[in-house]
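Participant: Everything below, folded, please.
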Amino acid sequence: MRCLTCQSISFLIICKSCQEKFLTPKIKKRFLAKDFFVYSFYAFSEIESLLNSKYQKYGDEVYKILAKNSFKPFSQTYLETYKNEKYFTALGIDDYPMHGFSQSAILAKSLQNKYFKAKYGLLRAKTRVKYAGKSLEFRKANPRNFICKVNNIKNKSNIVLVDDIVTSGTTLLEAKQSLEKNSCKISFALSLADVRR
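Facilitator: Just a heads-up that it's a prediction; the model follows:
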């Protein structure tokens, strides 16, 4: 097979050389509300073509590589500062499988360690609306209407929301509000890419 980035022959869909060159994350923090922020690892423009792979049959392999280079090291090293917490529960935003996989489930799974417990299928959108390329007005007028199934979560006080792209932040804020109505406390959110970076 050939590397998606440099087209050289590779056993991986993104060769190790390109991973080292292009997928070294730079963590940025953006506040979406006074008490709520999202960490992102890349500017959207840096990895846009890779993010678009979620519409392709090989997209799961690309997302696993993106997660391995960003979410996984974040969970292993950065959160040493939170070691007094029992653990965090990582919830993927609307992790309904599309095109044979769920990008937010892949990202949440990559966080799994002694600090993170990934849970699946607990935060699904009732409304199947696509936000890609849509205005803020469209996003606000067409909410996701999340269904929360969080009764089986033992630790509702340290939820981390997981998504692949943050644009306006309306999806993350809506998810946060839905979970808070179900007695959950959201610590922060994680996203692969921020469109505003």
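Participant: Which residue comes closest to Gln112 once chain neighbours are left out?
Facilitator: Computed as C-beta to C-beta, 6 or more residues apart in numbering, the closest residue to Gln112 that is not its neighbour in sequence is Ala118, at 4.9 Å. For the C-beta atoms, the positions are set from N, CA and C on the backbone; glycine is no exception.
Participant: Assign that neighbour to helix, strand or coil.
Facilitator: Following DSSP: H, G, I helix; E, B strand; the rest coil, the label given to Ala118 is strand.
Participant: my guess is it contacts Ala108, does it?
Facilitator: Yes. If you go by C-beta atoms under 8 Å, Ala118 and Ala108 touch, sitting 4.2 Å apart.
Participant: re the thing from before, and the residue nearest to Gln112, how many neighbours?
Facilitator: Around Ala118 sit 22 other residues, with neighbours defined as other C-beta atoms under 10 Å.
Participant: again with the one 4 residues further on
Facilitator: Using other C-beta under 10 Å, Leu122 has 21 neighbouring residues.
Participant: Who are the contact partners of it?
Facilitator: Residues counted as contacts of Leu122 (C-beta atoms under 8 Å, 6 or more residues apart in numbering) are Leu91, Cys148, Lys149, Val150, Asn152, Ile153.
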